[in-house]
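*Asks:* only the shape, not the letters, is given here:
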């Protein structure tokens, strides 16, 4: 085994990154050369150009990660943490490796699968998984599978390995299906297992909370097909399983396939039922309308009743599309026969709802030739704000100075709804017209500030704070903007988010800084509460990121 990882120490790596960014800021030639060599954004630039980039700690971390052969600091950090935690415990190393290959609902962790880190560990220790046919399924080792079947044909439908997976399911859920050099091997392994008698409807139960690896959630079965179509979005393996008799109505595959319409189409062509799957509503969450159109073409009901909160508040796919501000989805639903007069639970017509969410073109379609009664001053004011028409909103307010304070609670929640949607200019218009800033809304009942922090939107975060927002504003998960910063900086739910900028804005407007916990370096104290943030946000909150 290559034990070079033992020379890597996370604390030392962090110190190296801090030193590198300090040297960069002092224009040190060697530091400039390292960054220029490792970072695509700095490649080919002069020292002066590089200085203008105003690189930060995460750039230095990325440089060091790339120098060690990783594409990101997150991957280097995860590699070192796993290796050092289980250095001399083979069973623990194998379990950690498997948990990098499989998603959390299969592996029983809260982490995403990370096949690149798993492959790096396997390259360092090629014999790590030798002798375990269930782990051979994860990498598509046909020879090992043949030998296992020759020795014991019954193993084909028996769960085993560190994650207790049936063989074909272990193939279909392996995240190495997303890695080009392993995809064909895994496809071939699946064909071999099916030909030898593996049940194409093998399943396990979810290990995602409230389930666990030790006690799976018996109410939530996960099929082999779900791995191919819903988790790995692999059309070829999806077709192979369906042609071999996999049940397309497994309760998960259709819903989770929608981000890859080729898989969705295969499921529908093999008899997947749309009704009751919640797929229509899920497809409206996606910016691309391809999946929705596929569902409608295959008999999806454009008026399907909503099954669960928060969908029940809106009551129809058409209303949900308006709330999500998806004009193309609105058009697709109308063309498929959506009822343009069906009101929400609060008796708001689709026409008035479209005005509320600033969809003027959709509202014109929904009003119809007979028209609707004239809307109230309140609705006119909301509509003007929602389409970013500051002049019209100002004119209405001149006649109605009680606005927006006198709006209904449903109307007032438009502010956090727009913040959640990333409609920054509309949020600014609303706030500048006097909108109550702490009102809560969006899918997780949070203030506009919480939504801005969640998205890593530093400019909007600062704007809201400058206009009266408070870091202590709560959200539906029982925490405040500091908690939103914690979760988002660690999980990065929006690509390119600036959570360091959000942290700086929060500190500038009253949120206390962090203090270290001497015996627990992964955590800090903020306002007397233990919190964990990304490394760079932690440095900012500790006052170290100059």
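*Replies:* Alright, I've got the coordinates. Model, not experiment: these values are computed from the prediction.
*Asks:* CA only for contacts and neighbour counts going forward, please
*Replies:* Fine.
*Asks:* what's the local residue count around residue 486?
*Replies:* By other CA atoms under 10 Å, the residues close to residue 486 number 21.
*Asks:* and the pLDDT for the spatially most distant residue from the centre of the chain?
*Replies:* Taking CA atoms, centre = their mean, the residue of the chain most remote from its mean C-alpha position is residue 399, at 43.9 Å. Note on residue 399: pLDDT of 94.
*Asks:* what's the answer for residue 491, then?
*Replies:* Taking residue 491 on its own, its pLDDT is 88.
*Asks:* and it, how far from residue 247?
*Replies:* Look at residue 491 and residue 247: by CA to CA, to the nearest Å, they are 34 Å apart.
*Asks:* ok so, going back, how much space between the residue farthest from the centre of the chain and residue 149?
*Replies:* 81 Å.
*Asks:* same question, residue 290
*Replies:* Distance, residue 290 to residue 149, by CA to CA: 42 Å.
*Asks:* ok, residue 411 - contacts?
*Replies:* Contacts for residue 411 (CA atoms under 8 Å, 6 or more residues apart in numbering) come out as 356, 382.
*Asks:* so it: helix, strand or coil?
*Replies:* helix (DSSP: H, G, I helix; E, B strand; the rest coil).
*Asks:* now the strands for this structure?
*Replies:* Ranges of strands in the chain, per DSSP state E, are 203-206, 217-223, 440-441, 446-447, 514-516, 524-526, 529-531.
*Asks:* quick one: the last one to chain centroid distance?
*Replies:* How far strand 529-531 lies from its chain's middle: 24 Å, per CA atoms, centre = their mean, to the nearest Å.
*Asks:* and residue 303, how many neighbours?
*Replies:* The number of residues packed near residue 303 is 20, by other CA under 10 Å.
*Asks:* that one touches residue 339, doesn't it?
*Replies:* Yes - look at residue 303 against residue 339 with CA atoms under 8 Å: they come within range, at 6.7 Å.
*Asks:* identify the contacts common to the two.
*Replies:* Going by CA under 8 Å, 6+ apart, residues that sit against residue 303 and also against residue 339 are residue 318.
*Asks:* which residues touch stretch 310-321?
*Replies:* For stretch 310-321, the external contacting residues (CA under 8 Å, 6+ apart) are 280-281, 284-285, 302-306, 327, 329-330, 333-334, 338-340, 342-346, 350, 353, 443.
*Asks:* same question for stretch 155-163.
*Replies:* Residues outside stretch 155-163 that contact it (CA under 8 Å, 6+ apart) are 94-95, 98, 106-107, 132-135, 148-149, 165-168, 193, 196-199, 202, 213.
*Asks:* mind doing that once more with 6 Å?
*Replies:* 95, 134, 165, 166, 198 (CA atoms under 6 Å, 6 or more residues apart in numbering).
*Asks:* may I ask which of these has the most neighbours?
*Replies:* Counting neighbours by other CA under 10 Å, the top entry in those is residue 134, with 30 neighbours.
*Asks:* separation between that residue and residue 83?
*Replies:* To residue 83, residue 134 is 22 Å away according to CA to CA.
*Asks:* what of residue 454?
*Replies:* Residue 454 sits 31 Å away from residue 83, going by CA to CA.
*Asks:* neighbour-wise, which of those two wins?
*Replies:* Between residue 454 and residue 83, residue 454 has the larger neighbour count (other CA under 10 Å), namely 29 against 19.
*Asks:* and the more buried one, what does it touch?
*Replies:* Counting by CA under 6 Å, 6+ apart, residue 454 has contacts 484, 488.
*Asks:* any idea of the pLDDT on it?
*Replies:* 97.
*Asks:* cool, the one 4 residues further on as well?
*Replies:* Confidence per residue is given as pLDDT, and for residue 458 that number is 97.
*Asks:* before we move on, what about the one 5 residues further on?
*Replies:* According to the predicted model, the pLDDT of residue 463 comes to 98.
*Asks:* tally of neighbours for it?
*Replies:* Residues contacting residue 463 under the criterion other CA under 10 Å number 18.
*Asks:* circling back to that earlier point, from residue 381, how far off is the residue farthest from the centre of the chain?
*Replies:* 11 Å.
*Asks:* likewise for residue 417?
*Replies:* Relative to residue 381, and taking CA to CA, residue 417 is found at 16 Å.
*Asks:* looking only at neighbour counts, state which of these two leads.
*Replies:* A side-by-side neighbour count of residue 417 and residue 381, using other CA under 10 Å, places residue 381 first with 27 against 24.
*Asks:* can you count the residues close to residue 309?
*Replies:* 10.
*Asks:* and for the one 3 residues further on?
*Replies:* Applying other CA under 10 Å, we find 14 residues neighbouring residue 312.
*Asks:* report the separation between it and residue 342.
*Replies:* Distance from residue 312 to residue 342, by CA to CA: 13 Å.
*Asks:* likewise for residue 8?
*Replies:* Separation of residue 8 from residue 342 (CA to CA): 62 Å.
*Asks:* now swap in residue 173 and tell me
*Replies:* Going from residue 173 to residue 342 by CA to CA gives 41 Å.
*Asks:* looking at those two, which is more packed in?
*Replies:* residue 173 (27 against 17).
*Asks:* which non-adjacent residue is nearest the more buried one?
*Replies:* residue 227 (4.2 Å; CA to CA, 6 or more residues apart in numbering).
*Asks:* does that neighbour touch residue 171 like I think?
*Replies:* No - between residue 227 and residue 171 no contact is recorded; they are 8.5 Å apart, counting by CA atoms under 6 Å.
*Asks:* for the closest residue in space to residue 300 that isn't next to it in sequence, give me phi and psi.
*Replies:* Closest residue to residue 300 apart from its sequence neighbours, by CA to CA, 6+ apart: residue 274 at 5.9 Å. Backbone torsions of residue 274, given as degrees, to the nearest 10, read phi -90, psi -40.
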